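In: Pasted the sequence and its predicted model underneath.
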Amino acid sequence: MARYQLTLAYDGTDFFGSQRQAKRRTAQGELEMALRGLGWTDRSALLSGRTDSGVHATGQVAACNLDWAHTDDELVRALNAKLPGDISVWDAKIVRDDFHPRFDATSRTYSYQLFCDALRNPIRERFAWRVNHALDDDLLKQASQTILGAHDFSSFGSPTTPKGTTMRTVKKAEWIRVEKDQWRFEVEADAFLYRMVRRLVFAQVAAGQGKLHVDAIAESLARQAGNRKRSALRSGLAPAHGLTLIRVKYQESIQ
């Protein structure tokens, strides 16, 4: 018996999030069914974090204890043979017995894709948010710089536990122009609040379109920000389908 760290990728379109639910299809539920097909008998696999309904992943991390007598690569192939087409295991390796993909993580990185077009595009819109109005690159950059560092992000999300802190440290926040009409936002933090990235994206897009002053974002991160300003920013939410969990980092000592 050994503890395995699994790296998962999934198209979140048809999942009701990552966390197992009794009567709904989720990434964790599909993984656990595949594991049971290999003789796994534990009650629950562990995940690095929860993704909402419709959110994708290329770097979700899971952990489980498994009695497996073959190689790591053979475990990857065996699991993928049992998983449906919209979820895949990309990597498997043995780690220390007490490894926890959530509590041992040092940072998470998300990517958000969007493009500007007046016409619907069903193919692109599966993984990107279509916005109607043009974006100013300089304003997007200015907005992203305001969220770097340690802040109280309660204006942009809810704690993941009832008594959890809303303080988070953002290590990277960058807008990349992929094509003439397409942008990608990458953000790395020690952890994220519930729906934090999608609210940050919405506010920055509003700033990039000239609908919200960049200073309003900075002001909302101040501890003394009033409840009225907080609730106003919390009302905007970028669509889930543009968001992807791309990376979870750990110390080398987990092995």
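Out: Yes, it's here.
In: Can you name the element that comes right after the helix or strand bottoming out on mean pLDDT in the chain?
Out: In the chain, the helix or strand scored least confidently by mean pLDDT, DSSP states H and E is helix 227-234, which has a mean of 51. Sequence order places strand 243-250 as the next helix or strand after helix 227-234, per DSSP states H and E.
In: Mind giving me the packing neighbours of that next one?
Out: strand 56-66, strand 105-116, helix 196-208 (3 or more CB pairs under 8 Å, 6 or more residues apart in numbering; DSSP states H and E). For the C-beta atoms, the positions are set from N, CA and C on the backbone; glycine is no exception.
In: for the residue nearest to residue 236 when sequence neighbours are not counted, what are its contacts?
Out: In space, and not counting its chain neighbours, residue 236 is closest to residue 202: 3.8 Å by CB to CB, 6 or more residues apart in numbering. Each residue near residue 202 by CB atoms under 8 Å, 6 or more residues apart in numbering is listed here: 236, 237, 238.
In: which one of those residues has the most neighbours?
Out: residue 238 (22 neighbours; other CB atoms under 10 Å).
In: rewinding a little: which among the contacts of residue 202 gets closest to residue 81?
Out: Closest approach between these and residue 81, by CB to CB: residue 238, at 35.5 Å.
In: how much space between the closest one and residue 87?
Out: 23 Å (CB to CB, to the nearest Å).
In: next one: residue 64
Out: As judged by CB to CB, residue 64 and residue 87 stand 15 Å apart.
In: higher neighbour count, those two?
Out: Remark: of residue 64 and residue 87, residue 87 carries more neighbours, 25 against 21, as counted by other CB under 10 Å.
In: May I ask you to confirm that the more buried one is in contact with residue 9?
Out: Yes - contact criterion CB atoms under 8 Å: residue 87 and residue 9 qualify, at 7.2 Å.
In: Return the most buried member of the helices and strands packed on strand 243-250.
Out: Of all the helices and strands packed on strand 243-250, helix 196-208 carries the top mean neighbour count, a mean of 25, counting by mean count of other CB atoms under 10 Å.
In: can you give me how far it is from the chain middle?
Out: Here the centre of helix 196-208 is set off from its chain's centre by 15 Å, with CA atoms, centre = their mean, to the nearest Å.
In: same check, this time on stretch 8-16
Out: How far stretch 8-16 lies from its chain's middle: 11 Å, per CA atoms, centre = their mean.
In: List of residues touching it?
Out: 18, 24-27, 30-31, 51, 53-62, 86-90, 126, 240-241.
In: Thank you, goodbye.
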